[in-house]
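Q: sequence first, then the predicted structure:
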Amino acid sequence: MTYLKKAWHWLTSMRTALVLLFLLAIAAIPGALLPQRSLNEENVNEYIANNGRLAEFYDRLQLYDVFESTWFLAILTLLTISLIGCILPRSWDHYFAWKTPPTRAPRNLGRLPLHAEGDVDKPVEEVAAEARGLLRRWHVAEYQPTDDRAGKFSLAAERGYARELANLLFHLGLVGMIVTVALGRMVYYEGQVIVVTESGNYETPLGDQNTEFCNTSTANFDSFRAGPLFDGTGLTTFCFDAHDFSADYLPNGQAEMFTSNVSYAVGDDIHRPKSEWTDYELKVNHPLRVEGDRVYLQGHGFAPTFTVTWPNGESRTQTIQWRPDDLTFFLSSGVMRFDPPAGMYPELYDRRQNQIAIQGLFAPTAQWDGENNELLTSRFPAMTDPAVAIDIYRGDAGLDTGRAQSIFSLDTALLHSGQLQKIERVNLSRGDSVTLDDGTVVTFDGASEFANFQISRDPFQPWVLVTTVIMLAALVGSLLIKRRRIWIRLAPREDGGTLVELGGLARTDRAGWGAEFDRIHRELLGLPDPDEVEEDLLVPEDARLVAN
């Protein structure tokens, strides 16, 4: 039992809390330096593939899931317990200190850092009344000569109790922030969806491309994650239709603003005509707020459009988003897969061996480099002169294998096994076509722009804000408020006057306390303000006579 008590005292000491807070800051560093699965799992997989055993060792240490790792949560839990263990007894002690009268004046006030004395031609009772008026905002206690250490009537006053209160509120705010963040992570949900939109800067037909998203099922998201207490049935019912996307760029290609005009409806209003939906201009850092949910405009990119026309005249058109590999000028990569018409190859095996796959690069504003000007790069992020550099494959593209495939790259196993054969490598500008060896025509129709929307909900987010504001305000208060004490000792003179002696002591920092002590001293003794005296001395004597 003794060991448990010692462990508890160690855990709930302020020194331990500071050490745990420092450890928490150090533990968060890998989360800033290494890719995190919660943000982008593909980046984590790529980092592991490129860095071998060291990256695998990092994975065993949960360094790619820092903020959800066992050791990070353990430090956070210990810090919370330590803070609560510090706050509760300190709060109780502070309550009793607030109720306890200020301590009696020391016998010799002259030994204090601040000291003053003087005579007043007033009786003790009148001086005491003036002293009470000067200390009306202080916590004051009066001691009769029988209780005073020097055997005289004295007043003890203390001020700045709010400093300790602010300190406690700071720690309470910190605990509240940790708890509300933890509760929010238990019930939150967050999903991303890519919507291909139109743009006013160029014309690329979207065809039957859907620009609407409905927050009615987790299956509607391209990626979705939620807290352990969210069962997927509590989604806020709303839909939005992304009408367009536009980006403003500086001459050097730096993005200035992204904007998407949307219309939305909530609940049963989603069944009304879209013309009656509410319009909203969605911008970066200006989310759409819908009954506790927030819709953010998170990113964008380009979705090339290709049309494949087979020798029998049938054609199919696809518009699929490609991944921006260069986030400055948006050189993007991706793939497309086309299944041939069923009438051309009645047998499933034959149709599977004649699927078309396209893989390559897309540049919104093409720039051709290299010896023969065949190396495609992008020189500006806006789409002013789109072009693609693609490889065209024929064979089994894995469309009907039942296995999930990346929408940005072909299955390397199909390439290495020879099930997919490269039949053409070509560079195409918008509207250009290439004819394959069997008469099939592949046309690059242009591109549309897609926007990446994030839908998130965290019911505890307002409480995180409240506790954070309390924590910061309390921190400012604990730094600005000064804890100080003052004693005034009064002794009657034989002529009816009063001998006044003052002493002051700063409990924390003397900065700014000396001036307040001097003010109380001057007003109690009836002394002039030294600043006014100095100004009066600077005025010439003749000028004072004229003024009088």
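A: Cool, the structure landed.
Q: domain map for the protein?
A: Here the domain parsing of the chain from automatic domain parsing is 2-90, 101-160+482-547, 189-457.
Q: now for the longest helix along the chain, which elements pack on it?
A: In the chain, taking DSSP state H as the definition, the longest helix is helix 70-99. On a contact count with 3 or more CB pairs under 8 Å, 6 or more residues apart in numbering; DSSP states H and E, helix 70-99 meets helix 2-11, helix 14-27, helix 161-187. Any C-beta I mention is one placed from the backbone N, CA and C, and that applies to glycine too.
Q: after that helix, next one along is what?
A: Next in sequence after helix 70-99, counting helices and strands by DSSP states H and E, comes strand 114-120.
Q: give the buried residues for stretch 237-247.
A: Using 16 or more other CB atoms under 10 Å as the test for burial, stretch 237-247 gives Thr237, Phe238, Cys239, Phe240, Asp241, Ala242, Asp244, Phe245, Ser246, Ala247.
Q: name the SS class of the closest residue to Ala389 other than its chain neighbours, please.
A: What sits nearest to Ala389 in space, not counting adjacent residues and going by CB to CB, 6 or more residues apart in numbering, is Leu376, at 4.0 Å. When classified by DSSP: H, G, I helix; E, B strand; the rest coil, Leu376 comes out as strand.
Q: quick one, what contacts Leu376?
A: Leu331, Leu361, Ala363, Ala366, Gln367, Trp368, Ala387, Val388, Ala389, Asn427 (CB atoms under 8 Å, 6 or more residues apart in numbering).
Q: show me what contacts the third one?
A: So that's Ala363. Contacts of Ala363 by CB under 8 Å, 6+ apart are Phe329, Phe330, Leu331, Ser332, Leu376, Thr377, Ser378, Arg379, Pro386, Ala387, Val388.
Q: for those residues, give me a markdown table that also has pLDDT, distance to Val195 and secondary structure.
A: As requested, the contacts of Ala363 are exported to a markdown table (pLDDT from 0 to 100; distance: CB to CB, whole Å; DSSP: H, G, I helix; E, B strand; the rest coil):
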| residue | pLDDT | distance to Val195 | secondary structure |
| --- | --- | --- | --- |
| Phe329 | 91 | 23 | coil |
| Phe330 | 91 | 17 | coil |
| Leu331 | 94 | 22 | coil |
| Ser332 | 94 | 17 | strand |
| Leu376 | 92 | 26 | strand |
| Thr377 | 92 | 27 | strand |
| Ser378 | 92 | 23 | strand |
| Arg379 | 91 | 27 | coil |
| Pro386 | 94 | 20 | coil |
| Ala387 | 94 | 24 | strand |
| Val388 | 95 | 22 | strand |
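Q: filter those down to just the buried residues.
A: Using 16+ other CB under 10 Å as the threshold, Phe329, Phe330, Leu331, Ser332, Leu376, Thr377, Ser378, Pro386, Ala387, Val388 are the buried ones among those.
Q: circling back: inside strands: which ones of the buried residues of stretch 237-247?
A: Phe238, Cys239, Phe240, Asp241, Ala242, Ser246, Ala247 (DSSP state E).
Q: wait, isn't the second one in contact with Asn220?
A: No: counting by CB atoms under 8 Å, Cys239 does not reach Asn220; the two are 9.8 Å apart.
Q: any residues in contact with both of these two?
A: In contact with both Cys239 and Asn220: Phe213, Cys214, using CB under 8 Å, 6+ apart.
Q: flag the shaky bits of the stretch 51-200 of the chain, pLDDT-wise.
A: 198-200 (pLDDT under 70).
Q: pLDDT below threshold where in the chain?
A: Checking the chain against pLDDT under 70 turns up 1, 198-209, 401-402, 507-512, 530-548.
Q: ok, 50 please
A: 200-203, 205-207, 537-539, 541-548 (pLDDT under 50).
Q: so what touches the strand or helix carrying Arg53?
A: Arg53 belongs to helix 41-60 when elements are defined using DSSP H and E. For helix 41-60, the surrounding residues in contact (CB under 8 Å, 6+ apart) are Pro30, Leu34, Pro35, Gln36, Arg37, Tyr64.
Q: and the helices in the protein?
A: With DSSP H as the criterion, the chain has helices spanning 2-11, 14-27, 29-33, 41-60, 70-99, 124-134, 161-187, 348-352, 412-416, 461-480, 513-525, 530-538, 541-547.
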